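**Q** next come a sequence and a model predicted from it.
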Amino acid sequence: MRDIFHELVSKFKQGNIRSLARLISIIEDEGKDKNRILKDIFFMTGNAYIIGITGAPGAGKSTLVDRIIAKLRKTGDSVGVLAIDPTSPFTGGALLGDRIRMQDHFLDDRVFIRSMGTRGSLG
């Protein structure tokens, strides 16, 4: 019988977005299957481009990312956005303002947007 790890990885390889979200959560939470997941999907990462965007609050980062998504989608590319937000010192949760500015892509099944809090990490 296959375990949940194999089922999630298999569904992700078939393009299932919910499985991708669950796999990211396992990796983010340092789950016991983190290394197995990374090893099993590493071969799929060879054609990806990584773009990092940083800046002060209000500088227009989310607006820029929104425009980059639109441009890449016009060329037919699929896009994954990991928006790493600072963690609120008051609530412990992420501030998550960027998702609001990227709503135009919410229904596009070739765009994956995931907001994650830093949980106090500076790296």
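**A** Alright, I've got the coordinates. Numbering: from 1, shown residues only.
**Q** report the strands that pair with the helix or strand harbouring Arg114, each with its relative direction.
**A** Using DSSP states H and E, Arg114 sits in strand 111-117. Here strand 111-117 is paired, per DSSP bridges, with strand 79-85 (parallel).
**Q** now the residue positioned nearest the centre of the chain: how far from Asp3?
**A** Nearest to the geometric centre of the chain sits Leu82, at 3.3 Å (CA atoms, centre = their mean). Shown here: Leu82 relative to Asp3, a distance of 26 Å by CB to CB, to the nearest Å. Every residue, glycine included, has its C-beta placed from N, CA and C.
**Q** and Ile51, its phi and psi?
**A** Dihedral pair for Ile51: phi -120, psi 130, per degrees, to the nearest 10.
**Q** OK, contacts around it?
**A** Ile68 (CB atoms under 8 Å, 6 or more residues apart in numbering).
**Q** distance of it relative to Ile69?
**A** According to CB to CB, Ile51 and Ile69 sit 11 Å apart.
**Q** please apply the same query to Ile53.
**A** 12 Å.
**Q** do Phe12 as well
**A** 21 Å.
**Q** can you check Asp40 too?
**A** The separation that Asp40 has from Ile69, given CB to CB, amounts to 27 Å.
**Q** what about the two, which has more around it?
**A** Higher neighbour count among Asp40 and Ile69: Ile69, with 21 against 18, using other CB atoms under 10 Å.
**Q** ok, back up a step: dig out what the residue nearest to the centre of the chain forms beta bridges with.
**A** Arg114.
**Q** residues touching it, list them.
**A** Ile24, Arg114, Met116.
**Q** minimum pLDDT in those residues, which residue is that?
**A** Within those, pLDDT reaches its minimum at Met116, with 72.
**Q** and for the closest residue to that one other than its chain neighbours, the neighbour number?
**A** Using CB to CB, 6 or more residues apart in numbering and skipping the chain neighbours, the partner closest in space to Met116 is Ile84 (5.4 Å). By other CB under 10 Å, the residues close to Ile84 number 15.
**Q** good, wrapping up.
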